[in-house]
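S.K.: How does the following fold in three dimensions:
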Amino acid sequence: MAFPLFFTKENKENLNKGLQKTRENVFVRLSRAVIGKSRVDDEVLDNLEEVLVSSDVGVETTLQIIERVEERVSRDKYLNINELNIILKEEIVALLQDNTEPGENDFAAPLASKPLVIMVVGVNGTGKTTTIAKLAYNYRNKGKKVLLGAADTFRAAAIEQLQIWADRADADLIKQQMGSDPASVAYDTVKSAVAGNYDVAIIDTAGRLHNKISLMNELSKIRRVMDKVMPGAPQEVLLVLDGSTGQNAFEQAKQFTAATKVTALAITKLDGTAKGGVVIGISNLLKIPVKYIGIGEKMEDLQIFSREEFVDSLFNA
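M.R.: As a prediction, this is how the structure comes out:
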């Protein structure tokens, strides 16, 4: 099997393992949906709709998928579960085609700018800090010089935790005292990244879901001060979502995308849930590319997202 340029056989094996719970949930239900059937009829399509919704693909996205499958069935007359699997995979990949980047942005690839400034947003508990650590580790592993900024200054534990992860990832850290102005930390981080000839600067932000106006003002201020140091920074705003929360991840995504311009998504904790279908729904509805997925606790378990490989792993028993 030919993988995308940034993908390896080991990546695929880890992805298959990480999506095991979701795959079992989808495949077992899908098998039941067609049992005893010689053709794909309205009942099978109704059952398929239930399978997708129960896998947290989301109602709106599920209806789009069902409509695509109906068109294929009426045109091509596919009958059995193997053929239905093929249709499903092709139509879901096609649905994501316009919303996701090709993904050939390996950690070793040339950066869009130097330093590449990434602002990471998301609520506490989504795996935001560990995602930052894994990003740092993977960039460091490919020879990049990485600087982290602890701009979540509302919790002393957040600063301490990021220091621990920075040490593990062999990355440098800019931090201030708890209660300091987050924008000041972001300013210092970008300024140090430019002066120190760093390749990548990753800024952590507070993971609070307070009212939208406060969130918007805070994130806007952080972005403004970074842009003063380096015009165009941050080049990427990465929203981290917990895939195991299913539809709740949609609500978090809506709040953050309303508060700031989000350019990419990282969806974590997919290895411990049967709700992996949320990746499809969130990407489709928000029209924001899923750039990374978390499929385990190890540093290597943050994968660059490939829609083809993801969908293949999701529907292959």
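
S.K.: Could I get the buried residue list for stretch 308-317?
M.R.: Glu308, Glu309, Phe310, Val311, Asp312, Ser313, Leu314, Phe315 (16 or more other C-beta atoms under 10 Å). In short, each C-beta sits where N, CA and C put it, glycine included.

S.K.: gap between that stretch and the chain center?
M.R.: 16 Å (C-alpha atoms, centre = their mean, to the nearest Å).

S.K.: Run through who's touching stretch 84-99.
M.R.: With contacts defined as C-beta atoms under 8 Å, 6 or more residues apart in numbering, stretch 84-99 is touched by 30, 34, 40, 44, 48, 61, 64-65, 68-69, 72-73, 76, 78, 280, 283-284, 287-289, 307-308, 311-312, 315-316.

S.K.: rerun at 6 Å
M.R.: Val40, Arg68, Val69, Arg72, Tyr78, Ser283, Asn284, Lys287, Arg307, Glu308, Val311, Phe315 (C-beta atoms under 6 Å, 6 or more residues apart in numbering).

S.K.: just for the stretch 201-317 of the chain, where's the confidence low?
M.R.: For the stretch 201-317 of the chain, applying pLDDT under 70 flags the ranges 209-211, 317.

S.K.: And the helices in it?
M.R.: Listed in chain order, the helices of the stretch 201-317 of the chain (DSSP state H, counting those that start in this stretch) span 212-229, 247-259, 278-286, 307-315.

S.K.: Going by contacts, tell me the helices and strands next to the first one.
M.R.: It stands for helix 212-229. The contact analysis (3 or more C-beta pairs under 6 Å, 6 or more residues apart in numbering; DSSP states H and E) places helix 212-229 against helix 182-195, helix 247-259.

S.K.: how much space is there between Gly296 and Asn124?
M.R.: According to C-beta to C-beta, to the nearest Å, Gly296 and Asn124 sit 21 Å apart.

S.K.: Revised request: answer the last question for Glu49.
M.R.: 35 Å.

S.K.: list the contacts for Asp313?
M.R.: Not Asp; residue 313 is Ser. Taking C-beta under 6 Å, 6+ apart, one finds Leu15, Asn16, Leu19 in contact with Ser313.

S.K.: which one of those residues is nearest Ile118?
M.R.: Nearest to Ile118 out of the contacts of Ser313 is Leu15 (C-beta to C-beta; 23.0 Å).

S.K.: State the helix or strand in which Ile66 lies.
M.R.: helix 59-76 (DSSP states H and E).

S.K.: And for that helix, what's in contact with it?
M.R.: By C-beta under 6 Å, 6+ apart, the residues outside helix 59-76 that reach it are Val40, Leu45, Glu49, Leu52, Val53, Ile87, Glu91, Gly281, Asn284.

S.K.: if you look at the contacts of Ser313, which of them are in helices?
M.R.: Within those, residues falling in helices by DSSP state H are Leu15, Asn16.

S.K.: any idea which of the contacts of Ser313 has the most stuff around it?
M.R.: Greatest neighbour count in the contacts of Ser313, by other C-beta atoms under 10 Å, goes to Leu19: 26 neighbours.

S.K.: right, and that residue touches Gly276 too?
M.R.: Yes. Using C-beta atoms under 6 Å, Leu19 is in contact with Gly276, at 5.4 Å.

S.K.: buried ones in the helix holding Ile66?
M.R.: Buried residues in helix 59-76, counted by 16+ other C-beta under 10 Å: Thr61, Thr62, Gln64, Ile65, Ile66, Arg68, Val69, Arg72, Val73.
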